[in-house]
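Engineer: Pasting the sequence and the predicted coordinates here, then a few questions.
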Amino acid sequence: MNTKINPNGLFHNLSNKSLPPVESWNPPFCGDIDICIHRDGQWSYNNSIFTRLSLVKLFARVLKRENNRYFLVTPIEKVRIKVEAEPFITKNIERKYSSPQQLAFITTLDDIVIADKEHPIQVIEKNGFPYPTIHLRNNLHALICRSDFYRLVELADTENNPDIKSQDSSICSIMSNGCKFILGKY
């Protein structure tokens, strides 16, 4: 894949343009729109699923989160949308054997982010289950899909490197780009 890194730490296909500065846009609120990002990562309008990935990618570029609410913004308007879980979902994880080790997450919208200090992995508990996310950009997160989370735990558990496993054997953790991320306790 031909990729380059942008200032937000995300890799994008060379054909993609850089992200617009949505964090600096503060247009007036224009109301709610019936767009929903579902728990499975699908986007819909009026309960009709978007079938064109290019349209979803376009909307995702102008997505903004403020006070746990999500908006699509332009320089002149802002509309609120519904997000059931997180606006993005990972679909794959790649381990780069470099020094230091890097974990690259690929989202369903083909963004790639390396877990590091600016893009931390966080695991909280929701309804008695782990809820793992990775920070993408501007207060937006991707839900780490179940298979990627299991892969992280597998990588953490199979490593014999003391930098990977915590000194406390009941803590499962993993390193990426020199940062340690706690995946859970067992």
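Structural biologist: Yep, it's here. Residues are numbered from 1 along each chain as shown.
Engineer: measure stretch 50-69 end to end?
Structural biologist: One end of stretch 50-69 to the other measures 21 Å (C-alpha to C-alpha, to the nearest Å).
Engineer: who touches that stretch?
Structural biologist: Applying C-beta atoms under 8 Å, 6 or more residues apart in numbering, the set of residues contacting stretch 50-69 from outside is 19-20, 22-23, 25, 35, 42-44, 70-74, 78, 80, 87-88, 109-110, 138-140. (Glycine included, C-beta is placed from N, CA and C.)
Engineer: which of those residues are buried?
Structural biologist: With neighbours counted by 16 or more other C-beta atoms under 10 Å, these contain buried members at 19, 22, 25, 35, 43, 70-73, 78, 80, 87-88, 109, 140.
Engineer: okay, which residue is most central for the protein?
Structural biologist: Nearest to the mean C-alpha position of the chain, by C-alpha atoms, centre = their mean, lies A142 at 2.4 Å.
Engineer: which residue sits closest to that one in space, ignoring its chain neighbours?
Structural biologist: F88 (3.7 Å; C-beta to C-beta, 6 or more residues apart in numbering).
Engineer: How about the contacts made by the one you found?
Structural biologist: 41, 60, 107-109, 111, 136, 140-143.
Engineer: Looking at those, which are in helices?
Structural biologist: Residues of the contacts of F88 located in helices (DSSP state H): A60.
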